[in-house]
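In: model the following, please.
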Amino acid sequence: MSRDSVQDDLNSVIRQHSEWLASQLHAQRESLFPPDAQKAMRKFTSGEAAALLGINDSYLRKLNLDGKGPSPELTAGNRRLYSAQDIQELRQLLEKTARKPGDYLPGRRAGDHLQIIGVMNFKGGSGKTTSSAHLAQRLALKGYRVLAIDLDPQASMTALHGVQPEFDLQDGGTLYDAIRYQDPTPIRQVIRKTYIPNLDLIPGNLELMEFEHETPRALAQGNAGLFFFRVREALAQVDDDYDVVVIDCPPQLGFLTMSALSAATGVLVTIHPEMLDVMSMSQFLRMTADLMDVIAESGADMSHDWMRYLLTRYEPTDAPQNRIVAFLRTMYGDTVLNAPMLKSTAISDAGLTKQTLYEVDRSAFTRSTYDRAIESLNAVNDEIAQLIQKTWGRT
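Out: Numbers count the residues shown, from 1 in each chain. A predicted model of the protein is given here:
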């Protein structure tokens, strides 16, 4: 058998395996989310709804008894369940009588600039997508208007939000459409509503790699202009529509990542506290700095409101991890978030059904496992929310 025929055979096998996998994933989605294969957000208990709103459960009950706000769903056990839309309507109701503006609707006010958060790391497996998806959903559930952008061609965050790239994005629909060099489309045409109020999504797929291939050609022909401004210029079209943009960056330092970094007002670098990951991050940070120097020399303003390191998949009982965490905190101080994201089987198990932990019911897990994981996620995401508020001059 010739070398070429072996190569052809391998291509055929890989393509066939890809098609099989896509078909099975599509079938799985249709079985998980019937009848129209669309995801929906679960209902929240009155305790969860009250916690999201920042009020007591007894006060939430009083609002219901007084006929104020949406009526919750009552279960057979007389438990009150609130939808995410109910919680948003309650926010608007409570804001009208709030002691100070923003108690229940914490988003932008006049003079506040759009927060664009780039979540990045050079090494796969650092929890980048998990962090991005949970951050976007938590901020939306807390009342911020959020746009999540999947800039990673692997499109994991897209899949988590019920969009299967191979089936749902065959005719485009990624950010590439809005930043390409030939006939870019308005960014609003690629924004999708999600099943969570306040959260919109720009999905990703392999088409994003076209930007990596086209930019060198455009630069060689003198047609790229300031390519690193393309994401920023696209987002400027919807500046007034959102409070926060969360960008899940690709796990490499290409033109997409550089363009996202140029647009970002805040940067979140995920770190798995293992020695090999930290060694990799050393190279990643050096390469990032070198590339940003080049961009800055081209006229870009590379100042950011904040940069933070997020410890991910952290195991408090792991002694080597604790030594690395202590090492990082000693070296970087306050730029390491106080709250780490704990390693949890609950997060992994939720991912099996293409869901975040915010989407699954507590009863699906051992309560202690769920509570430990959700408390960790909330602590991380609420610390980032505090950074956003501080940037806007609020504490």
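
In: gap between the one residue sitting closest to the centre of the chain and T369?
Out: Among the residues of the chain, the one closest to the centroid is S132, at 2.7 Å (CA atoms, centre = their mean). Computed as CB to CB, to the nearest Å, the S132 to T369 distance reads 23 Å. Every C-beta, even on glycine, is put in place using the N, C-alpha and C of the backbone.

In: do the same with A136
Out: 23 Å.

In: compare the two and say which is more crowded by neighbours.
Out: More neighbours surround A136 than the other of A136 and T369, with 33 against 15 (other CB atoms under 10 Å).

In: if I've got this straight, the more buried one is in a strand?
Out: No: according to DSSP: H, G, I helix; E, B strand; the rest coil, A136 belongs to no strand; its state is helix.

In: and it, what does it touch?
Out: V146, A148, L199, V244, V246 (CB atoms under 8 Å, 6 or more residues apart in numbering).

In: you'd agree the second one is up against Y242?
Out: No: using CB atoms under 8 Å, A148 is not in contact with Y242, being 10.1 Å away.

In: beyond the helix or strand where the residue nearest to the centre of the chain lies, next helix or strand please.
Out: Per DSSP states H and E: S132 is located in helix 128-141. Downstream of helix 128-141, the next assigned helix or strand under DSSP H and E is strand 146-150.

In: what's that next one packed up against?
Out: When contacts are defined as 3 or more CB pairs under 8 Å, 6 or more residues apart in numbering; DSSP states H and E, strand 146-150 packs onto helix 128-141, helix 156-160, strand 199-202, strand 244-248.

In: tell me the most buried of those?
Out: strand 244-248 (a mean of 29; mean count of other CB atoms under 10 Å).

In: state the distance from the closest residue to the residue nearest to the centre of the chain other than its chain neighbours to N78.
Out: Distances taken as CB to CB, 6 or more residues apart in numbering put D248 closest to S132, at 3.9 Å, once the chain neighbours are dropped. D248 is 41 Å from N78, where distance means CB to CB.

In: next: D171.
Out: For D171, the distance to N78 - CB to CB - is 48 Å.

In: residues of stretch 101-120 that come out buried?
Out: 103-108, 114-120 (16 or more other CB atoms under 10 Å).

In: and those residues as CSV, adding pLDDT, distance to A40 and secondary structure?
Out: Below are these laid out as CSV (pLDDT from 0 to 100; distance: CB to CB, whole Å; DSSP: H, G, I helix; E, B strand; the rest coil):
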residue, pLDDT, distance to A40, secondary structure
D103, 91, 29, coil
Y104, 95, 24, coil
L105, 95, 24, coil
P106, 95, 25, coil
G107, 95, 24, coil
R108, 95, 28, coil
L114, 97, 29, coil
Q115, 97, 28, strand
I116, 97, 28, strand
I117, 97, 26, strand
G118, 94, 29, strand
V119, 94, 26, strand
M120, 88, 31, strand
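
In: what segments of the protein are strands?
Out: For the chain, strands defined by DSSP state E occupy the ranges 44-45, 73-74, 80-82, 115-120, 146-150, 192-193, 199-202, 244-248, 266-271, 306-311.

In: which elements pack onto the last one?
Out: Helices and strands touching strand 306-311, by 3+ CB pairs under 8 Å, 6+ apart, are strand 266-271, helix 319-332, helix 367-391.

In: relative to Q237, which of the ones you listed is closest?
Out: Evaluated over those, closeness to Q237 peaks at strand 266-271, with 20.4 Å, by CB to CB.

In: what angle do that closest one and helix 367-391 make?
Out: Angle, strand 266-271 to helix 367-391, by axes from the mean of the first three to the mean of the last three CA atoms, to 10 degrees: 150 degrees.

In: can you map out the helices along the stretch 1-150 of the chain?
Out: Ranges of helices within the stretch 1-150 of the chain are 3-32, 46-53, 57-65, 84-95, 128-141, based on DSSP state H, counting those that start in this stretch.

In: quick one: mean pLDDT for the shortest one?
Out: The average of the pLDDT scores along helix 46-53 is 94.

In: how is this protein carved up into domains?
Out: With domains defined by the TED database, the chain comprises 44-96, 115-392.

In: any idea which of these is most buried?
Out: The most buried one of the domains of the chain (mean count of other CB under 10 Å) is domain 115-392, showing a mean of 19.

In: show me how far that one is from its chain's centre.
Out: 5 Å (CA atoms, centre = their mean, to the nearest Å).

In: follow-up on the earlier one: out of the helices and strands packed on strand 146-150, the one nearest S282 is which?
Out: helix 128-141 (17.4 Å).

In: can you pull out the low-pLDDT segments for the stretch 251-395 of the chain?
Out: The stretch 251-395 of the chain contains residues with pLDDT under 70 at 299-300.

In: if we go to 50?
Out: Low-confidence segments of the stretch 251-395 of the chain (pLDDT under 50): none present.

In: contacts only, for A296.
Out: A296 touches M302, counting by CB under 8 Å, 6+ apart.

In: likewise for A260?
Out: Per CB under 8 Å, 6+ apart, neighbours of A260: G118, M120, L151, V231, I247, C249.

In: dump the residues you listed into TSV; add distance to I324 as well.
Out: Shown next, in TSV, are those (distance: CB to CB, whole Å):
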residue	distance to I324
G118	24
M120	20
L151	28
V231	33
I247	27
C249	23
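
In: farthest-apart pair in those residues, please.
Out: M120 and V231, at 13.1 Å, using CB to CB across the contacts of A260.

In: closest to L94 out of the helices and strands packed on strand 306-311?
Out: helix 367-391 (17.7 Å).
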